[in-house]
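>>> Predicted model follows, preceded by the sequence.
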Amino acid sequence: MNKILLTFLIIFSTSCAYKPILSEKNYNFQIEKITFSGEKNINRVIKRKLSMIRESDNSNKKKFDVIIETLKNKKIVSNDSKGDPLKFEVNIIVFYQVELNGDILLKREIEKNHIYNNKSDKFQLEQDEKNIIDNLSNKISDDIISSIINLNDS
């Protein structure tokens, strides 16, 4: 029994080290300048995520400039019989372009949306909306970083 337990312990302790690609802090590029326009809350979340790449100590890396424009739409998806909203949809659209030495290398649009239920507690509804927008903005940030990684690899 001890031999089997020891074998499993060795196998699991020496297994491959899984690391998500976006959590790696050593990118082989740097974001030198980020320009934002549009929704301030969405821009704040994206800026926080991209600033990790902006603060780099290696001057040999490619230095990209990123221009980001954000839009947020909120609409009622369904109503009850009285006409009160039952479900909302928040839609975030981000237009961005990546430049290197003034040349546009990449120009894309990302759209994310989420449908959620209305709540009688308006404070809780507002908190839920903020969390949804933050989560969608984080996903968009990851997509932007992934596209720059793929751009830099090619």
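Nice, I can see it. Worth saying up front: this structure is predicted, and the values here are computed from it rather than measured. Numbers count the residues shown, from 1 in each chain.
>>> Show me where this structure dips below the pLDDT cut-off.
Segments of the chain classed as low confidence (criterion: pLDDT under 70) are 12-26, 54-59, 152-154.
>>> what comes up buried for the single longest helix found in it?
Using DSSP state H to assign secondary structure, the helix with the most residues in the chain is helix 122-153. Neighbour-count burial for helix 122-153, with 16 or more other Cβ atoms under 10 Å as criterion, is recorded at 128-129, 132-133, 136-137, 140-141, 143-145, 147-149, 152. In this view, the C-beta of every residue, glycine as well, is placed from N, C-alpha and C.
>>> before we move on, what about stretch 89-104?
Applying a neighbour-count criterion of 16+ other Cβ under 10 Å, the buried positions in stretch 89-104 are 90, 92, 93, 94, 95, 96, 98, 99, 100.
>>> distance between that stretch and the chain's centre?
Chain-centre distance of stretch 89-104: 13 Å, with Cα atoms, centre = their mean, to the nearest Å.
>>> buried ones in whichever strand in the chain runs longest?
What stands out as the longest strand in the chain, according to DSSP state E, is strand 62-79. Of the residues in strand 62-79, those with enough neighbours to count as buried (16+ other Cβ under 10 Å) are 62, 64, 65, 66, 67, 68, 69, 70, 72.
>>> Nothing else from me, thank you.
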